[in-house]
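Colleague: quick one, fold the following:
(one chain, ligands or ions: 2)
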Amino acid sequence: MELRKWGPLRGEITVPGDKSISHRAVMFGSLAKGTTEIHGFLQGADCLSTISCFEKMGISIENRGDTVLVQGRGLHGLTRPETILDCGNSGTTTRLISGILSAQNFDVTLTGDVSIQKRPMKRIIEPLSQMGADITSIHGNGCAPLFIRGKSLHGIHYTSPVASAQVKSAVLLAGLYAEGITKVTEPFVSRNHSERMLKLFGASVSTEGTTVSICPAGQLYGQKVMVPGDISSAAYFIAAGLMIPGSEILIKNVGINPTRDGILHVCRAMGADLTLLNVRGQEGEPTADILVRYSRLHGTDIAGAIIPTLIDELPMIAAMAAVAEGETRISDAGELKVKESNRIAVMAQNLTAMGADVTETEDGMIIRGGKPLRGAAIESHLDHRIAMTFAVASQCAEGVTEIRSGECVSISYPCFYEDLMNLSGKRR
Ligand SMILES: O=C(O)C1=C[C@@H](OP(=O)(O)O)[C@@H](O)[C@H](O)C1
Ligand SMILES: C=C(OP(=O)(O)O)C(=O)O
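Modeller: Ligands and ions are numbered 1, 2, ... in the order given. You can find the predicted model right below:
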């Protein structure tokens, strides 16, 4: 994938559906009684992995493109898959499904691609084992492949060392089946899509501060789920609009759940011209249209409770900081090291290759912005967020930027390059 500056980006765009919400709609729909109708489903490879895992466990799922119909078979309706469950590149699939599988009346092996087999699974094995689950990391390294033998579970109060919606959701999903109440306390609030959607499906879930409680469920009921546009995908166009001189972009129907909207706060702190229009609630998930105009950005500090609310946007924010005037410090973001790639190291390496001044730290990075960027060979490490970040950065650089293995954007945003190009007027 070779890119060079196309000039300002102008116009309207609707980004694909939210990845976290799409995964959950298929999972909860499979465990519910009756049909779940999902509108705006993300047709990214990660969400297709979730569909395929549940199909292998006897769930009938009709994927009509924008709409997906899931014929749920109730909390105890999954059947033993005849083959290994393949979670592909998706951490969300692997961790959330483990919570469900821990409580079934069958055994299963699950795995994923090379990246998934390196990502830490002890973080879910530990709390689920405390609940009575029987999970083995087959290679003994705390990673997938995992062998899960279904068991009867009991509720616990788990205090998680990390603010992770995947850990929280795995424990809550196991809690649906456990005897007694299950609670999870996290250091900071992570995305709360599971809590919102489980309530919609009829589960008894409550939140107090950083603690979520769930009661065992008798039954979940199929629902109509409207999936908003993914703010993590919108992030590339928010950044592009702000970074590329002369740009003005209206991004329509984006999810702005307060546990996901950290990027909006950071952009404002950097001096962004950003307006929310048409703010509305949609099936428990708030949405808005986001209007961004080119702005002279300046650096800021990003740390603490805001980090989980923008964790997947940090690569794009780091590139924005390279274009901004002054220094940006990102800390408390050690979680970036255990994503699809080590996003601290990979960002520092690739931004440096483009001429930016970046220092990697233990839990983040320091970016001294304002240095002119030049095109470079970018190694995506098969990480979709890295590929998309540098496609945007290429629009602020002199010369050609080559993004290696750029096709990995299909994990979360299959038509990303077309959408970017359309806004530049190249195909208008
Ligand atoms: O629950 C989810 O849908 C997600 C949670 C986050 O991961 P962690 O729970 O590991 O922070 C995020 O990075 C991932 O893209 C999606
Ligand atoms: C980290 C991500 O996803 P997952 O953990 O589901 O692989 C991501 O999409 O940036």
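
Colleague: which bits of the chain sit near ligand 2?
Modeller: By C-beta under 6 Å from any ligand atom, the residues of the chain that approach ligand 2 are 46, 90-92, 312, 339-340, 385, 412. Yep, even glycine has a C-beta here, placed from its N, CA and C like the rest.

Colleague: can we see that at 8 Å?
Modeller: Counting by C-beta under 8 Å from any ligand atom, the residues of the chain close to ligand 2 are 19-20, 23, 46, 89-95, 115-116, 119, 166, 232, 311-312, 339-340, 383-385, 411-412.

Colleague: mind listing what's buried along stretch 119-127?
Modeller: 119, 121, 123-127 (16 or more other C-beta atoms under 10 Å).

Colleague: what about ligand 1: which of the residues of the chain next to ligand 2 touch it?
Modeller: Counting by C-beta under 8 Å from any ligand atom, the subset of the residues of the chain next to ligand 2 that neighbours ligand 1 consists of 19-20, 23, 91-92, 95, 166, 232, 311-312, 339.

Colleague: Val279 versus the closest residue to ligand 1 within the stretch 1-150 of the chain, what's the distance?
Modeller: Going by C-beta to the nearest ligand atom, ligand 1 is nearest to Ser20 of the stretch 1-150 of the chain, at 3.2 Å. Distance of Ser20 to Val279, computed by C-beta to C-beta, to the nearest Å: 20 Å.

Colleague: more neighbours: the two, which one.
Modeller: For the pair Ser20 and Val279, the greater number of neighbours falls to Ser20 (28 against 10), based on other C-beta atoms under 10 Å.

Colleague: hey, where'd the helices end up in the stretch 251-400 of the chain?
Modeller: Counting by DSSP state H, counting those that start in this stretch, the stretch 251-400 of the chain has helices at residues 262-269, 314-323, 343-353, 384-393.

Colleague: is it possible to get CSV of these that adds mean pLDDT and distance to Ile214?
Modeller: Output for the helices of the stretch 251-400 of the chain, formatted as CSV (pLDDT from 0 to 100; distance: least, C-beta to C-beta, whole Å):
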stretch, mean pLDDT, distance to Ile214
helix 262-269, 98, 25
helix 314-323, 98, 29
helix 343-353, 98, 31
helix 384-393, 98, 30
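
Colleague: rewinding a little: which of the buried residues of stretch 119-127 lies closest to Ser204?
Modeller: Nearest to Ser204 out of the buried residues of stretch 119-127 is Pro127 (C-beta to C-beta; 19.8 Å).

Colleague: what's the closest one sitting at in phi/psi?
Modeller: Torsion angles at Pro127 (phi, psi; degrees, to the nearest 10) stand at phi -60, psi -40.

Colleague: for it, which non-adjacent residue is spatially closest?
Modeller: Of all residues not flanking Pro127 in the chain, Tyr158 sits nearest, at 4.4 Å (C-beta to C-beta, 6 or more residues apart in numbering).

Colleague: just checking, next helix/strand downstream of the one helix or strand that neighbour maps to?
Modeller: Element membership of Tyr158, judged by DSSP states H and E, is strand 157-159. Counting by DSSP H and E, the next helix or strand C-terminal to strand 157-159 is helix 165-175.

Colleague: dump the C-alpha coordinates for that next one into CSV.
Modeller: Provided in CSV are the C-alpha atoms of helix 165-175 (Å, rounded to 0.1, in the frame of the first residue of the first chain):
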residue,chain,number,x,y,z
ALA,A,165,-13.5,-4.5,29.5
GLN,A,166,-12.5,-7.9,28.2
VAL,A,167,-11.6,-9.2,31.6
LYS,A,168,-14.7,-7.6,33.2
SER,A,169,-17.0,-9.0,30.5
ALA,A,170,-15.5,-12.5,30.7
VAL,A,171,-16.2,-12.6,34.5
LEU,A,172,-19.7,-11.1,34.1
LEU,A,173,-20.6,-13.6,31.4
ALA,A,174,-19.4,-16.5,33.6
GLY,A,175,-21.5,-14.8,36.4
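
Colleague: tell me what that helix is packed against?
Modeller: helix 19-31, helix 91-101, helix 122-130, strand 182-185, helix 193-200, strand 211-214 (3 or more C-beta pairs under 8 Å, 6 or more residues apart in numbering; DSSP states H and E).

Colleague: how about CSV for these, with distance to Val225 and mean pLDDT added?
Modeller: Listed next are the helices and strands packed on helix 165-175 as CSV, based on distance: least, C-beta to C-beta, whole Å; pLDDT from 0 to 100:
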stretch, distance to Val225, mean pLDDT
helix 19-31, 4, 98
helix 91-101, 16, 98
helix 122-130, 24, 98
strand 182-185, 23, 98
helix 193-200, 7, 98
strand 211-214, 19, 98
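
Colleague: distance of His76 from Asp363?
Modeller: Distance of His76 to Asp363, given as C-beta to C-beta: 42 Å.

Colleague: higher neighbour count, the two?
Modeller: Using other C-beta under 10 Å, the more surrounded residue of His76 and Asp363 is Asp363, with 15 against 11.

Colleague: return the residues in contact with that one.
Modeller: 331-334 (C-beta atoms under 8 Å, 6 or more residues apart in numbering).

Colleague: mind checking pLDDT for the closest residue in space to it that isn't next to it in sequence?
Modeller: Excluding the flanking residues, the one nearest Asp363 by C-beta to C-beta, 6+ apart is Gly334, at 4.2 Å. pLDDT, Gly334: 98.

Colleague: one more: Glu283?
Modeller: 56.

Colleague: I'd say Thr93 and Gly44 touch.
Modeller: No: using C-beta atoms under 8 Å, Thr93 makes no contact with Gly44, being 11.4 Å away.

Colleague: ok, His154 to ligand 1 distance?
Modeller: Per C-beta to the nearest ligand atom, to the nearest Å, His154 is found 24 Å from ligand 1.
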